[in-house]
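1. Sharing a sequence plus its predicted fold:
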Amino acid sequence: MTATTRVIPRAVVAAPSRSLRWIATDAFTIAWRNLLQVVRNPQLAVIDTITPIMFVLLFAFVFGGAIQVPGGNYVAYLMPGIFVQTVVFGATGTAIGLAEDLQKGLVDRFRSLPMAPSAVLIGRTFSDALRNLYTVLVMTVVGYLIGFRFDGGLPGALLALGLVVGFGYAISWISANIGLITKSAQAAQGAIFIPIFPLTFASSAFVPVASMPGWLRPIAEANPVTVVVNATRGLVSGAPDTATLVAALAWIAGLVVIFAPIALVSYRRRA
Amino acid sequence: MPPSAILTEGLAKSYGPVRALRGVNLDVPEATVLGLLGPNGAGKTTAVRILATLLVPDAGRALVSGRDVVREPDAVRSQIGLTGQYAAVDENLTGRENLELVGRLLHMGRGAARTRADELLAGFELTDAGRRPVRTYSGGMRRRLDLAASLVGRPKVLFLDEPTTGLDPRSRVGLWDVIAGLVAGGTTILLTTQYLEEADRLADRIAVIDDGQVIAEGTSGELKDRMGEDVVEMRLVESGRASEALALLAPLAAAEPRLDAETGRLMIPVHHAGGTLTDVVRRLDGANLEVAELSLHRPSLDDVFLALTGRRAEMEQEADGDARGRFGRRQQRKAA
Ligand SMILES: Nc1ncnc2c1ncn2[C@@H]1O[C@H](COP(=O)(O)OP(=O)(O)O)[C@@H](O)[C@H]1O
Ligand SMILES: [Mg+2]
């Protein structure tokens, strides 16, 4: 520590601005930092890679023989379900990451800078969507090794993956709200899995809704996870059902429109 | 009179029933250091958070570089640097990446952010460590990086919330040098601390804060006039005669001499320890009061508090167990 630390104050900081350009620039910077965190932390990177591989193999080989599905091909039936389940679980990372940044005081640093406040949330949900995209691509590769195919061609495949990642993005905004409310990463993790488990399992992700008890069926039918899984199955099989597809897109848009503004306001208000 | 870099009027903030600040007035001229000295829970962090635009006050107003922290937070944010009580750095990123992140969020551009990061790493002796993830850093290195992060934008006004709490003495002195360098360069600093010695060493003026209120304000010299430069501490063989001894020694004291009820020790704040010590012993001897132990120490925050409020400063409740270092040498000696 020497005289080199002497600084002469001078204005090098660009005038603060709320323009869309600054929001985008700041969000990219935050997203870059979030992804760098994963790259710099081998444990996280390994978990991001191993988990989807494990899920595909376990579900395909453990349940594959036991569960009877329409068409009889469980791998074809399973993959859309496991895509959606995995991105929903991946979206819990938004709550945990945000709560951790709050807990460690990083959000205080961000809030003391003349950056766009919304960028912290926009960047976080964006980088989590990229992580989900990576996970889904890994699963696709593993799926192909055990006989899964996109029968709807490239457009169907791209639409299916887009739908799945888009749904994860929507769930990330719900997750962001939970991260902003809870005070620690552990609390966030606990809080978010309570709604996530019934949401993913009381759905058509792994078993046909028709196989469920009568009282559960209407709930499972209305579950957005069921809607998105069914729409994805349609795209994967090459026979998409327009009504289901529209319903799935409406769910994604609706969740973002409701939960993103709530999260942004709650972030600004948080002391 | 130079313009005020920080000005607060009647600043108040409550957390539910807890009144953290109750009408705080501060005025810090440009290129000076204000030491906000107070025990744990006094309201120091609350004041810093309001000034750094992280918290909105319930009442009163605060100007930083002439800009209102509530109405023009962005204008304030482009002038300030904040080093919080706990290092706010990303564990998984390298030191350089942490500094670059701040530079990019200040809209500096990739090249400028990198140059500034390297400059600061060199200035804080972190050039080699700059390539390693922060999770491998020692506590002192983290603090230095955290301070460097708050300097990326060359702030005019810097807030340091207990910057040396929990640091070993060597790192503490190192940080003091850095802070002195910044002030020489024209930066205005508001620094909170629980160490009287730190405020004395770094601050042009000291505001003593207790229970959300400023209870004394002045230069370190002015405070010492009220408290004395040294404290004579003693234990009598006959502890029952303490009040007799206090009355006898009062004329020699710089401030009210007192009896620590817990330990049975007498504390006599004095101005000139050398000469006074002989007088103290002579007077006690003349009254046939036998001394069991006698020592001298510099006043700690605890002494300031006893002198100003008649009660002890509350001990910091922290798991890291370094609380005894915080209240000057007396506690350290007892523990040794
Ligand atoms: N977020 C909070 N919620 C409730 N009480 C708080 C909160 N932050 C601080 N306090 C209380 O406000 C008072 C002042 O705290 P603080 O400003 O942190 O003091 P200091 O930094 O001097 O230790 C304390 O009594 C503390 O317990
Ligand atoms: Mg504090």
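-> Perfect, I can see it now. Ligands and ions are numbered 1, 2, ... in the order given.
2. can you tell me which residues contact residue 232?
-> All of this is about chain A. A:Pro80, A:Phe83, A:Val84, A:Ala160, A:Leu163, A:Val164, A:Ala248 (C-beta atoms under 8 Å, 6 or more residues apart in numbering or on different chains). (C-beta placed from N, C-alpha, C; glycine too.)
3. um, chain B though
-> B:Val232 touches B:Leu266, B:Met267, B:Ile268, B:Val270, B:Ala273, B:Thr276, B:Leu277, B:Val280, B:Leu294, B:Ser295, B:Leu296, counting by C-beta under 8 Å, 6+ apart.
4. Could you rerun that using 10 Å?
-> B:249, B:252-253, B:257, B:266-270, B:273, B:276-277, B:280-281, B:294-297 (C-beta atoms under 10 Å, 6 or more residues apart in numbering or on different chains).
5. Please pick the buried ones from those.
-> For those, a neighbour count by 16 or more other C-beta atoms under 10 Å in any protein chain shown gives the buried set as B:249, B:252-253, B:257, B:266-270, B:273, B:276-277, B:280, B:297.
6. quick one on the thing from earlier: which of the contacts of B:Val232 fall in strands?
-> B:Leu266, B:Met267, B:Ile268, B:Pro269, B:Val270, B:Leu294, B:Ser295, B:Leu296, B:His297 (DSSP state E).
7. how much space between the residue nearest to the fourth one when sequence neighbours are not counted and chain A?
-> Ranked by C-beta to C-beta, 6 or more residues apart in numbering or on different chains and with sequence neighbours excluded, the top spatial neighbour of B:Pro269 is B:Gly228, at 3.3 Å. With distances taken as C-beta to the nearest C-beta, to the nearest Å, B:Gly228 is found 33 Å from chain A.
8. B:Gly228 reaches B:His271, doesn't it?
-> Yes. Look at B:Gly228 against B:His271 with C-beta atoms under 10 Å: they come within range, at 5.4 Å.
9. more neighbours, these two?
-> The neighbour comparison of B:Gly228 against B:His271 (other C-beta atoms under 10 Å in any protein chain shown) goes to B:Gly228, with 23 against 16.
10. Quick check, pLDDT for the single nearest residue of the stretch 101-250 of chain A relative to ligand 2.
-> Residue nearest to ligand 2 within the stretch 101-250 of chain A (C-beta to the ion): A:Gly105, separated by 12.1 Å. pLDDT recorded at A:Gly105 is 92.
11. can you pull out the helices in chain A?
-> A:20-40, A:42-58, A:74-103, A:106-111, A:118-145, A:153-181, A:185-201, A:217-222, A:224-237, A:242-269 (DSSP state H).
12. how about the residue of chain B found nearest ligand 2, what does it touch?
-> With C-beta to the ion as the measure, B:Thr45 is the residue of chain B nearest to ligand 2, at 3.2 Å. B:Thr45 makes contact with B:Ala20, B:Leu36, B:Leu54, B:Leu55, B:Gly84, B:Gln85, B:Asp161, B:Glu162, B:Thr192, according to C-beta under 10 Å, 6+ apart.
13. and it, helix, strand or coil?
-> State at B:Thr45, reduced to three classes by DSSP: H, G, I helix; E, B strand; the rest coil: helix.
14. now it: how far from B:Thr187?
-> Distance, B:Thr45 to B:Thr187, by C-beta to C-beta, to the nearest Å: 21 Å.
15. where in the chain is pLDDT low?
-> You didn't pick a chain, so chain A it is. Within chain A, the stretches with pLDDT under 70 are A:1-18, A:271.
16. meant chain B, my bad for not saying
-> B:1-2, B:301, B:310-336.
17. all helices for it, in order.
-> B:44-51, B:73-77, B:95-105, B:110-123, B:139-151, B:169-184, B:196-202, B:220-227, B:242-249, B:273-286, B:301-309, B:329-335.
18. Between these, which one is closest to A:Ala220.
-> Nearest of these to A:Ala220, taken as C-beta to C-beta: helix B:95-105 at 43.9 Å.
19. Contact partners for B:Ser65?
-> B:3-7, B:30, B:72, B:75-76, B:78-80, B:155-157, B:188.
20. Closest to B:Val134 out of the residues you listed?
-> For the contacts of B:Ser65, the residue nearest B:Val134 by C-beta to C-beta is B:Pro155; the value is 21.5 Å.
21. Ignoring the adjacent residues along the chain, who's closest to A:Gly65?
-> Nearest one to A:Gly65, counting by C-beta to C-beta, 6+ apart, is A:Tyr74 at 8.0 Å.
22. Would you mind measuring the gap between the ends of stretch B:186-196?
-> The first and final residues of stretch B:186-196 sit 24 Å from each other (C-alpha to C-alpha, to the nearest Å).
23. Report the buried residues of that stretch.
-> Here stretch B:186-196 shows B:Thr187, B:Thr188, B:Ile189, B:Leu190, B:Leu191, B:Thr192, B:Thr193, B:Gln194, B:Tyr195, B:Leu196 as buried, counting by 16+ other C-beta under 10 Å.
24. That one near chain A anywhere?
-> Yes. Residues of stretch B:186-196 contacting chain A under C-beta under 10 Å from any C-beta of the partner chain: B:Gly186, B:Thr187, B:Thr188.
25. The first one is in contact with B:Pro29, isn't it?
-> No. Shown here, B:Gly186 and B:Pro29 do not form a contact pair, counting by C-beta under 10 Å, at 11.8 Å.
26. Show me what from chain A comes close to ligand 2.
-> Within chain A, no position is near ligand 2 by C-beta under 5 Å from the ion.
27. Residues of chain B that sit close to ligand 1?
-> Counting by C-beta under 6 Å from any ligand atom, the residues of chain B close to ligand 1 are B:Tyr15, B:Val18, B:Ala20, B:Gly38, B:Asn40, B:Gly41, B:Ala42, B:Gly43, B:Lys44, B:Thr45, B:Thr46.
28. try 5 Å
-> Contact residues (C-beta under 5 Å from any ligand atom) of chain B with ligand 1: B:Tyr15, B:Val18, B:Ala20, B:Asn40, B:Gly41, B:Ala42, B:Gly43, B:Lys44, B:Thr45, B:Thr46.
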